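Student: This is a predicted model, with the sequence first.
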Amino acid sequence: MTMDALVPLIEVRNLTKHFETGHGRVEVLSGIDLVIRHRERIAVMGASGAGKTTFMNILGGLDHPSGGSVLIEGRDISRFGGGELDRFRNSTIGFVFQFHQLLPEFSALENVMMPALIAGDPYRKAREKALYLLERVGLSHRLVHKPGELSGGEQQRVAVARALAMKPRILLADEPTGNLDSRTSEEILELLNSLHAGGDFTMLIVTHDESLARRQDRLIVMKDGRVER
Ligand SMILES: Nc1ncnc2c1ncn2[C@@H]1O[C@H](COP(=O)(O)OP(=O)(O)OP(=O)(O)O)[C@@H](O)[C@H]1O
Ligand SMILES: [Mg+2]
């Protein structure tokens with residue numbers, strides 16, 4: 001039996017999050033319990049303001065919970081210190097955002113090379129990886145283009161390639177198609193699903209599109225800071 005069968009990939013226990021603001025405390029997550037298995041493909045839905053982005057940011061170590069715990073392969077990331085959290089994020093998590101967040105002054109190739117260069121990979125190795133990933137997302141003909149010279153769908157393909165550059169265990173996509181027309185959205189979802197089928201990672205996709213959501217393995221609906229079903 002492998003570790004995969006013994007320890008769930010992600011285990012969220014009584015997770016809470018509030019923000020202190022000038023107008024008092026905002027309760028955002030009020031006790032989330034959730035187990036996510038290795039290689040699961042999950043869609044996350046819920047009204048605007050339900051806490052989806054907050055939840056994803058905590059899962060990915062971009063934000064800290066107020067209470068409860070997030071175990072990734074049995075390790076509680078809410079206890080990680082700064083350096084440890086950065087290393088965890090870079091090696092384990094890939095993010096795709098609604099607004100791609102590519103570096104505008106760098107080419108598609110350089111954007112996808114960036115995570116590996118930051119992690120200390122030699123230039124040639126980072127370049128080889130990036131070339132491979134850009135081929136996988138169908139952008140071999142746009143290597144030297146900068147984000148501003150790419151279409152919205154192409155920018156998001158670059159962002160997907162960048163997210164997979166470090167072979168993450170978990171891909172977190174927060175409304176990756178929120179800014180795209182329906183045909184391009186469809187293409188990006190198909191791309192994510194085909195990369196997932198040929199890879200070894202778990203994928204959570206936040207979307208407001210029910211037809212996209214229904215094609216994942218599991219649908220999680222957030223409401224009032226909780227997981228509804
Ligand atoms: N830094 C912050 N300080 C105060 N309140 C915040 C902060 N970040 C988020 N919130 C509040 O938390 C709630 C949830 O926000 P979040 O961005 O997680 O929602 P969401 O489900 O992703 O919504 P959307 O579908 O619009 O992206 C909102 O009411 C928001 O105003
Ligand atoms: Mg959001």
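Tutor: Cool, got the structure. Numbers count the residues shown, from 1 in each chain. Ligands and ions are numbered 1, 2, ... in the order given.

Student: Show me the helices in this structure, by range?
Tutor: Under the criterion DSSP state H, the chain contains helices at 3-6, 52-59, 82-92, 108-118, 123-136, 152-163, 182-197, 210-213.

Student: Bridged to the residue nearest to the spatial centre of the chain, which residues?
Tutor: The centroid of the chain falls nearest to Leu172 when counting by CA atoms, centre = their mean (1.6 Å). Assessed by DSSP bridges, Leu172 has beta-bridge partners Phe95, Leu204.

Student: residues contacting it?
Tutor: Met56, Leu59, Gly60, Ile93, Gly94, Phe95, Val96, Leu204 (CB atoms under 8 Å, 6 or more residues apart in numbering). To be clear about C-beta, it is placed using only N, CA and C from the backbone, and glycine gets the same treatment.

Student: surely Ile188 meets Gln155?
Tutor: No - using CB atoms under 8 Å, Ile188 makes no contact with Gln155, being 10.4 Å away.

Student: Just tell me which of the helices of the chain ends up closest to Ser30.
Tutor: With CB to CB as the criterion, Ser30 lies closest to helix 52-59 of the helices of the chain, at 11.3 Å.

Student: wait, does that closest one contact ligand 1?
Tutor: Yes - Helix 52-59 reaches ligand 1 (CB under 6 Å from any ligand atom) through Lys52, Thr53, Thr54.

Student: how close does the last one sit to ligand 2?
Tutor: For Thr54, the distance to ligand 2 equals 8 Å [CB to the ion, to the nearest Å].

Student: Leu109: neighbouring residues, count only.
Tutor: Close neighbours of Leu109, defined as other CB atoms under 10 Å, add up to 22.

Student: in the protein, what residue is nearest ligand 2?
Tutor: Among the residues of the chain, Thr53 lies closest to ligand 2, at 3.1 Å counting by CB to the ion.

Student: number of nearby residues for that residue?
Tutor: Neighbourhood size, Thr53 [other CB under 10 Å]: 19.

Student: where's the closest residue to it other than its chain neighbours relative to ligand 1, distance?
Tutor: Distances taken as CB to CB, 6 or more residues apart in numbering place Asp174 nearest to Thr53, at 5.6 Å, with adjacent residues excluded. From Asp174 over to ligand 1 the distance is 7 Å, taken as CB to the nearest ligand atom, to the nearest Å.

Student: Could you do Thr92 as well?
Tutor: For Thr92 relative to ligand 1 (CB to the nearest ligand atom), the value is 21 Å.
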